[in-house]
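[1] Predicted coordinates and the sequence they were generated for:
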Amino acid sequence: MFSEDTIISTITPVRGGSVCLLRVSGKDAINITCKYFKSNSLSNMEGGRFYFGKFVDDKNEVVDEVIIYVFKKPKSYTGEDVIEISCHSNIFILEEIINLYLNNNCRIAEPGEFTKRAFLNNKIDLVQAEAVADLIASKSKASVKNSLNLLEGKLSKLINSLKKNLIDVGSLLELELDFSEEDLEIISRDKFFDIMESSISIVNSLLDSYDSGRELQKGIEILIAGKPNVGKSSLMNSLLQKDRVIVSHIAGTTRDLIHEDIVMDDTLVRLIDTAGIRFTSDEIEAEGVTRAKKFLETASLILLMIDLSSEIDNDDLDILNSLVHKKSNSLIIVGNKSDKEANIKTEEYLSKLEIDKIKISAKEETNISELKRLIIRRIKRNEKDLSEDIILTNKRQYDVLNRLKKILNDNLKSFKSNQGFEFIAVDLRLAIETLSEITGEISTDDILNNIFSNFCIGK
Ligand SMILES: Nc1nc2c(ncn2[C@@H]2O[C@H](COP(=O)(O)OP(=O)(O)OP(=O)(O)O)[C@@H](O)[C@H]2O)c(=O)[nH]1
Ligand SMILES: [Mg+2]
């Protein structure tokens, strides 16, 4: 499927660099370029080569010295003829070059249109197209690695092998239906069970990986919690190495959730500072406390701060007790203000708890790197092995797989309850179609527009 029109856009940021790349794709990309690009070495624009020369306007006046890269269809990103122009990064130069193309039946590319053409020309499937967007948006090395795995086609391969298995079973079932009069067993019950159960287990493990996938993209949420004034905001600033949050001796300073993303040992982490948890009649503070408590339920890791210099009280114990039972696996107790004289009762109480704990001084920045190491050890323990696993990061793919899971489970149930093969074969066809939605063999304009309109311009 080759588009009729030719499109152009910058594919690198326009400001801030010394060089900018423009991409032209479509049937007139080479013709228009030949009209304006003058080079000694240019004979007949061979594909897979680059040429140095001058870009001139309609009056033969030099616009810029450029390098152009020639990609002939289908050996290009979009699968069409593509020219990439590396020119100096100056807005007047860029405007002039783009206008020359626009005057020659070319138009500005829509966001994601190059990748959409790559998809429509079968250069990549929909999972890979979505991986391109993920890759650009990746905020940590781990996320880049996973996006590259998806772009390389690891998930697509798995989906296609799942589909092949279902097609194989489906065709045997259809055959069995054709010969139903002759009492032949073409597919054994055991084989059907095996294939369905292994398919369901693959789908389940992909769905299970989605939580890790969300963490890869959004960051692992680490909540700094505790009663007011224990030094939560001081720790946040100290971990971020900047004066991000207001710190004061007044209890109840932080009223809302404040988050910042940082990368710790290649992993994206979202640090969240919260309002000190206590009973309060102040309406705004109380809302902050409700929000903090809600996050206690969902955060991947909680740094529970206790002031080592004062006696542990009911406010500390309320939070501690609520977390020790439910979330001890995702809890680190951070004893703060170690620069001051320790309270014996607090020390004694904490020493009896069998939970990871560390003493720090957020104010004096003592033991902060040890705390960081402890955090990294904790988050790495739960992290999936990216070289082995395929991690689902995309909500659309997740939704389709959830639908597929239901279809496969229903199908297995129908089989167990000895429903007729004709019903089972219909459900199998539905399962195969659903799988095709993931890789985009079956898609609608609405789905495609929705996906590609979220891309940045020039991709
Ligand atoms: N001596 C000492 N003081 C600290 C330390 N960490 C924080 N403080 C002080 O404790 C007070 C409260 O600090 P914050 O970081 O605002 O405490 P918070 O837990 O965010 O308080 P709320 O936002 O009110 O819940 C401030 O006066 C800090 O300077 C520390 O390690 N040692
Ligand atoms: Mg605070």
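    Arrived safely, thanks for sending. Numbering: from 1, shown residues only. Ligands and ions are numbered 1, 2, ... in the order given.

[2] worst-scoring helix or strand of the chain, pLDDT-wise?
    helix 445-452 (a mean of 80; mean pLDDT, DSSP states H and E).

[3] and that helix, what other elements does it pack with?
    helix 113-120, helix 126-137 (3 or more CB pairs under 8 Å, 6 or more residues apart in numbering; DSSP states H and E). C-beta coordinates here come from the backbone N, C-alpha and C atoms, glycine included.

[4] between the ones you listed, which gets nearest to ligand 2?
    Closest to ligand 2 of the helices and strands packed on helix 445-452, according to CB to the ion: helix 126-137, at 30.4 Å.

[5] contact partners of that closest one?
    For helix 126-137, the external contacting residues (CB atoms under 8 Å, 6 or more residues apart in numbering) are 112, 115-116, 118-119, 124, 143-144, 146-148, 150-151, 153, 155-156, 159, 217, 393-394, 396-397, 438-440, 443, 451-452, 454-456, 459.

[6] now that helix, how far from the centre of its chain.
    On the basis of CA atoms, centre = their mean, to the nearest Å, helix 126-137 sits 8 Å off its chain's mean C-alpha point.

[7] repeat for stretch 53-72
    On CA atoms, centre = their mean, the centre of stretch 53-72 falls 38 Å from the chain's centre.

[8] Pull that stretch out as PDB, backbone CA atoms only.
    Provided in PDB are the C-alpha atoms of stretch 53-72 (Å, rounded to 0.1, in the frame of the first residue of the first chain):
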ATOM      1  CA  GLY A  53      26.000  19.300  -1.900                       C
ATOM      2  CA  LYS A  54      24.100  22.500  -2.000                       C
ATOM      3  CA  PHE A  55      20.400  23.000  -1.700                       C
ATOM      4  CA  VAL A  56      19.200  25.800  -4.000                       C
ATOM      5  CA  ASP A  57      15.900  27.600  -4.500                       C
ATOM      6  CA  ASP A  58      13.900  28.300  -7.700                       C
ATOM      7  CA  LYS A  59      16.300  31.100  -8.600                       C
ATOM      8  CA  ASN A  60      19.300  28.800  -8.100                       C
ATOM      9  CA  GLU A  61      20.400  30.700  -5.000                       C
ATOM     10  CA  VAL A  62      22.000  28.600  -2.300                       C
ATOM     11  CA  VAL A  63      19.800  27.900   0.700                       C
ATOM     12  CA  ASP A  64      22.300  25.800   2.600                       C
ATOM     13  CA  GLU A  65      25.100  23.200   2.300                       C
ATOM     14  CA  VAL A  66      23.500  19.900   3.200                       C
ATOM     15  CA  ILE A  67      24.000  16.100   3.300                       C
ATOM     16  CA  ILE A  68      21.200  14.000   1.900                       C
ATOM     17  CA  TYR A  69      20.600  10.400   2.600                       C
ATOM     18  CA  VAL A  70      18.700   8.400  -0.100                       C
ATOM     19  CA  PHE A  71      16.600   5.400   0.800                       C
ATOM     20  CA  LYS A  72      14.700   3.700  -2.100                       C
END
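
[9] What lies in contact with that stretch?
    Residues contacting stretch 53-72 (CB under 8 Å, 6+ apart): 30, 33, 36-42, 45-52, 77, 81-88, 90, 93, 96-97, 100.

[10] The longest helix seen in the chain: which residues count as buried?
    Counting residues, the longest helix found in the chain (DSSP state H) is helix 189-218. Buried residues in helix 189-218, defined by neighbour count with 16 or more other CB atoms under 10 Å: 192, 195-196, 199-200, 202-203, 206-207, 209-210, 212-217.

[11] Done for today, thanks.
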